[in-house]
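Chemist: just coords:
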């Protein structure tokens, strides 16, 4: 199985700041990585897929990038509603494995 | 408006079979790939398996011998059956829909159903 190593585990930031979350795949997954946001009481939200494609309706402050097997989710200008849990998932090779998650908290 | 909702038992005894139903609305199961995912404190998010619009399936090999995914498009129902349950099958079970016919990132999710395996 493809192992997804996600970092950091926890991240504290203030509204208006920019942050990055990383995922590293244990082997090539081409561009096929998705980023999700999880918030209590709400369905999980797809932010980015295919590494850098912004899902419809997601604000442009979210962006995804790739360098080889390293993927980065960047949020520029954090809004209060951005705080929560973030997961990556590779959707290239079965089983489609997830990262362990990053908790983004308000500083 | 796309909606997905998981239904089924919240408590199942060890060795029994878990049967879950995902009822969808706002789209046809014939047009999108569908996936089951679970989340537990010990294992985080775990991809269980998926079904394509044509009826083909793919399973997580860690569960393959115990897992069956089916659907009934006429009822807009997507099903999971997991045999020989153990306590570590305790998790929140989600159904989710792919972005489009060939893009398997999960754009719509149900709220999830907490299933506890215990005697």
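Modeler: Alright, I've got the coordinates. Source: prediction; values computed, not measured.
Chemist: going forward, measure contacts and count neighbours with C-alpha atoms only.
Modeler: Will do.
Chemist: Name the residues of chain B found near chain A, please.
Modeler: Within reach of chain A by Cα under 8 Å from any Cα of the partner chain, chain B has these residues: B:44-49, B:58-61, B:104-111.
Chemist: What subset of those residues is buried?
Modeler: By neighbour count, with 16 or more other Cα atoms under 10 Å in any protein chain shown, these hold B:45-49, B:58-60, B:104-111 as buried.
Chemist: Quick one: residues in contact with stretch B:11-21.
Modeler: With Cα atoms under 8 Å, 6 or more residues apart in numbering or on different chains as the test, stretch B:11-21 has contacts from B:6-9, B:77-87, B:115-119.
Chemist: Let me know the next secondary structure element after the longest strand seen in chain B.
Modeler: The single longest strand within chain B, with elements called by DSSP state E, is strand B:91-100. Downstream of strand B:91-100, the next assigned helix or strand under DSSP states H and E is strand B:103-109.
Chemist: Can you list the strands that that following strand pairs with?
Modeler: Within its sheet, and counting by DSSP bridges, strand B:103-109 is paired with strand B:91-100 (antiparallel).
Chemist: Not counting its neighbours along the chain, what's nearest residue A:41?
Modeler: residue B:111 (7.6 Å; Cα to Cα, 6 or more residues apart in numbering or on different chains).
Chemist: quick one: the strands in chain A?
Modeler: For chain A, strands defined by DSSP E occupy the ranges A:4-7, A:10-13, A:19-25, A:33-38, A:45-49, A:53-54, A:62-67, A:70-75, A:84-90, A:102-106.
Chemist: if we compare these, which one ends up closest to residue B:25?
Modeler: Of all these, strand A:45-49 sits nearest to residue B:25, with 17.7 Å by Cα to Cα.
Chemist: and the angle from the longest strand of chain B to strand A:45-49?
Modeler: 50 degrees (axes from the mean of the first three to the mean of the last three Cα atoms, to 10 degrees).
Chemist: pretty sure the residue nearest to residue A:41 contacts residue B:6?
Modeler: Yes - in this structure residue B:111 lies within contact range of residue B:6 using Cα atoms under 8 Å: 7.4 Å.
Chemist: residues from chain A in reach of chain B?
Modeler: A:33-34, A:41-46, A:49, A:91, A:94-100.
Chemist: Among those, the buried ones, what's the ChimeraX command?
Modeler: Buried residues within the residues of chain A next to chain B, by 16+ other Cα under 10 Å, are selected in ChimeraX with:
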select /A:33,34,43,44,45,46,49,91,94,95,96,97,98,99,100
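Chemist: about what we covered before: overlap in contacts of residue B:111 and residue B:6?
Modeler: Common contact partners of residue B:111 and residue B:6 (Cα under 8 Å, 6+ apart): residue B:94.
Chemist: Neighbouring strands of the helix-or-strand element of chain A with minimal mean pLDDT in the sheet, and parallel or not?
Modeler: None of the helices or strands of chain A scores lower by mean pLDDT, DSSP states H and E than strand A:102-106, at a mean of 95. As defined by DSSP bridges, the strand partners of strand A:102-106 come to strand A:10-13 (parallel), strand A:84-90 (antiparallel).
Chemist: Can you give me the buried ones in the shortest one?
Modeler: Of all the residues in strand A:10-13, those buried under the rule 16+ other Cα under 10 Å are residue A:11.
Chemist: how distant is stretch B:40-48 from the center of its chain?
Modeler: In this view, stretch B:40-48 has its centroid 13 Å away from the chain centroid, taken as Cα atoms, centre = their mean, to the nearest Å.
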